[in-house]
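please work out how this folds:
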Amino acid sequence: MDYIWKDRKRTIFGLPWSFTVYKLTGEKIYVTTGFFSKHEEEVRLYRIMDLSLNRTFGQRIFGLGTIHVCSADKSTPEFDIKSIKDSEKIKNMLSDMVEDERVKKRVSNREYMADHDDDDEDFVGH
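Take a look at the predicted model:
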């Protein structure tokens, strides 16, 4: 599989000494964690609702940042892409790709704003 972007969570001195790997394709983002036991989360880009960038003082010193992602994915409603290089560039690229996927799939925010507890029965016969 071809990845548009791939990086590891960076730790001490901004070095990629961790077992968290981020991979981005044209349609999905993958977050893989673990060494002996691996866990992989997969989120389709069109399901991402919001992105924000956080950069602590220590991260800024080493050119890193953390992207916080809010999604409509049931198993992964929120997650962080922690301590990555070129975080502002990656956030902007991811934001553009999310918008492109939402247009391609004809998805709008209204889909996620509905109250899932509402019953359509209220409208029958009234």
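
what are the contacting residues of the helix with the most length in the chain?
When the chain is parsed with DSSP state H, its longest helix is helix 87-104. Residues from elsewhere that reach helix 87-104 (C-beta atoms under 8 Å, 6 or more residues apart in numbering): 4-5, 7, 24, 26-27, 29, 44-46, 48, 51, 53, 55, 59, 64-67, 81, 84, 107-108. Quick note: C-beta positions are derived from backbone N, CA and C, even for glycine.

okay, and which of these map to strands?
If you go by DSSP state E, the contacts of helix 87-104 have 5, 7, 24, 29, 44, 48, 51, 53, 64-67, 81, 84 in strands.

would CSV of these with pLDDT be doable?
As requested, those are arranged in CSV below (pLDDT from 0 to 100):
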residue, pLDDT
5, 97
7, 96
24, 98
29, 98
44, 97
48, 97
51, 98
53, 98
64, 95
65, 97
66, 98
67, 98
81, 98
84, 97
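
centroid residue for this structure?
residue 69 (4.4 Å; C-alpha atoms, centre = their mean).

next one: that residue from residue 95, what distance?
Taking C-beta to C-beta, to the nearest Å as the criterion, residue 69 is separated from residue 95 by 10 Å.

and residue 86, by the same measure?
14 Å.

give the buried residues for stretch 68-81.
69, 71-73, 79, 81 (16 or more other C-beta atoms under 10 Å).

span of it from start to end?
6 Å (C-alpha to C-alpha, to the nearest Å).

and the residue nearest to the centre of the chain, which helix or strand is it part of?
strand 64-71 (DSSP states H and E).

name every strand pairing with that strand and say which way it goes.
Next to strand 64-71 in the sheet, as set by DSSP bridges, lie strand 48-54 (antiparallel), strand 78-85 (antiparallel).
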